[in-house]
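Asker: Make a model of this:
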Amino acid sequence: MPHLAALATLPAYFFITPAADAAQSRWVQSEGGEVRIVADRPEPDGTIPAILDIRLKPGWKTYWIEPGASGIPPQVTIDPRGGISFSGLRFPAPKAFHDGIAGYTGYDHSVAFPLSLKREKTGDLSLKISVFLGICKDICIPVQADLDLSLPQELAENPLDRARIDDAVAALPMQPSDTFKVTAASFDAVEKRLHLSLVTPPTATPAELFLSGPPGYSFGTPETVATDDGRITAEIPVRVSAKSGALKSGSVRLVARAGDRSIETLLAFD
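Answerer: The predicted model follows:
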């Protein structure tokens with residue numbers, strides 16, 4: 001997998017402004033895939049169901065929120081003048097990859113990221129989104145696109161669009177449960193190591209752990225992983241930049257995958 005030094009040069013950027021088309025933006029094409037926005041009419045509480053839809057060609061990949069040293073995390077900004085506020089992307093559990101030089105985290109299949117959107121005014125709405133992400137194979141091609149669609153007040157629900165959105169939400173990690181949860185978490189600021197204990201459901205493959213934190217912090221591959229009857233202990237090295245503040249309880253997000261189940265939680269340090 002490429003390093004940022006192997007990014008395609010500026011002429012290889014894809015910057016396209018597609019016209020709006022019902023509750024779907026048009027696909028923005030790149031060498032390794034295409035992206036669009038799919039949305040549905042607002043819910044009674046003002047929430048707007050929507051996804052960033054990424055269709056990858058075979059052999060291509062895109063990244064998670066914490067992509068690794070050589071990756072590009074997805075970035076989304078929204079023009080608030082359209083009457084819609086944005087509070088973040090949500091991600092299904094990723095996979096860990098290694099190209100023989102560096103590790104990275106992401107997806108090797110088409111994927112949809114739910115968007116946290118909310119109506120901020122009455123009447124017709126306009127969703128104008130700027131997207132920047134990496135779609136990578138032998139090189140990493142930054143994809144930058146302005147996506148635009150209208151959500152008129154009388155928009156009729158599209159069952160196919162709603163099914164795509166519902167499927168993307170269903171693929172998100174679940175909340176912790178009695179059979180799958182973190183039982184202890186602590187951070188050693190001197191050794192720069194995160195210590196975790198978890199209860200996981202029985203699976204044929206080892207559980208995978210993915211972490212993201214505040215700016216200036218990144219997390220290495222879990223080390224010293226021990227499994228005993230569904231109970232896991234792990235140590236994760238933490239890389240800290242010189243200007244980073246303290247790593248506070250509740251500032252690190254963990255996604256844990258065990259077989260076909262995954263959970264997401266903020267870590268409360270002991």
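Asker: Can you list the residue ranges for strands in the stretch 151-270 of the chain?
Answerer: For the stretch 151-270 of the chain, strands defined by DSSP state E, counting those that start in this stretch occupy the ranges 181-188, 193-199, 208-212, 217-219, 223-228, 231-240, 253-258, 261-266.
Asker: Nearest to the spatial middle of this structure, which residue is it?
Answerer: Among the residues of the chain, residue 91 comes closest to the average C-alpha position under Cα atoms, centre = their mean, at 3.5 Å.
Asker: Next, it: phi, psi?
Answerer: Main-chain dihedrals, residue 91, degrees, to the nearest 10: phi -130, psi 140.
Asker: List the residues that contact it.
Answerer: Going by Cβ atoms under 8 Å, 6 or more residues apart in numbering, residue 91 touches 64, 65, 113, 172, 255. Just so you know, the C-beta spots here come from the backbone N, C-alpha and C atoms, and that holds for glycine as well.
Asker: Okay, residue 73 and residue 94: tell me how far apart.
Answerer: Distance, residue 73 to residue 94, by Cβ to Cβ, to the nearest Å: 11 Å.
Asker: can you check residue 42 too?
Answerer: Distance, residue 42 to residue 94, using Cβ to Cβ: 29 Å.
Asker: what about those two, which has more around it?
Answerer: The neighbour comparison of residue 42 against residue 94 (other Cβ atoms under 10 Å) goes to residue 94, with 23 against 19.
Asker: What residues does that one make contact with?
Answerer: For residue 94, the contacting residues are 64, 105, 106, 107, 210, 255, by Cβ under 8 Å, 6+ apart.
Asker: Not counting sequence-adjacent ones, nearest residue to the first one?
Answerer: It refers to residue 64. Ranked by Cβ to Cβ, 6 or more residues apart in numbering and with sequence neighbours excluded, the top spatial neighbour of residue 64 is residue 94, at 3.9 Å.
Asker: end to end, how far does stretch 90-102 reach?
Answerer: Stretch 90-102 stretches 25 Å from its first residue to its last (Cα to Cα, to the nearest Å).
Asker: Check which residues of it are buried.
Answerer: Within stretch 90-102, the residues scored as buried using 16 or more other Cβ atoms under 10 Å are 90, 91, 92, 93, 94, 96, 97.
Asker: go on, stretch 127-138?
Answerer: Within stretch 127-138, the residues scored as buried using 16+ other Cβ under 10 Å are 127, 128, 129, 131, 132, 133, 134, 135, 136, 137.
Asker: okay but the first one is in contact with residue 84, surely?
Answerer: Yes: here residue 127 lies in contact with residue 84, judged by Cβ atoms under 8 Å, at a distance of 5.7 Å.
Asker: Pull up the overlap in contacts between the two.
Answerer: Common neighbours of residue 127 and residue 84, using Cβ under 8 Å, 6+ apart, are 48, 78, 117, 151.
Asker: quick check, nearest of these to residue 240?
Answerer: Proximity of the shared contacts of residue 127 and residue 84 to residue 240, judged by Cβ to Cβ, is greatest for residue 78, which lies at 31.4 Å.
Asker: Now for the residue lying closest to that closest one once chain neighbours are set aside: which residues touch it?
Answerer: Nearest non-adjacent residue to residue 78, counting by Cβ to Cβ, 6+ apart: residue 86, 4.1 Å away. Neighbour list for residue 86: 76, 77, 78, 115, 116, 117 [criterion: Cβ under 8 Å, 6+ apart].
Asker: which among those residues gets closest to residue 163?
Answerer: Comparing the contacts of residue 86 against residue 163 with Cβ to Cβ places residue 115 closest, at 16.6 Å.
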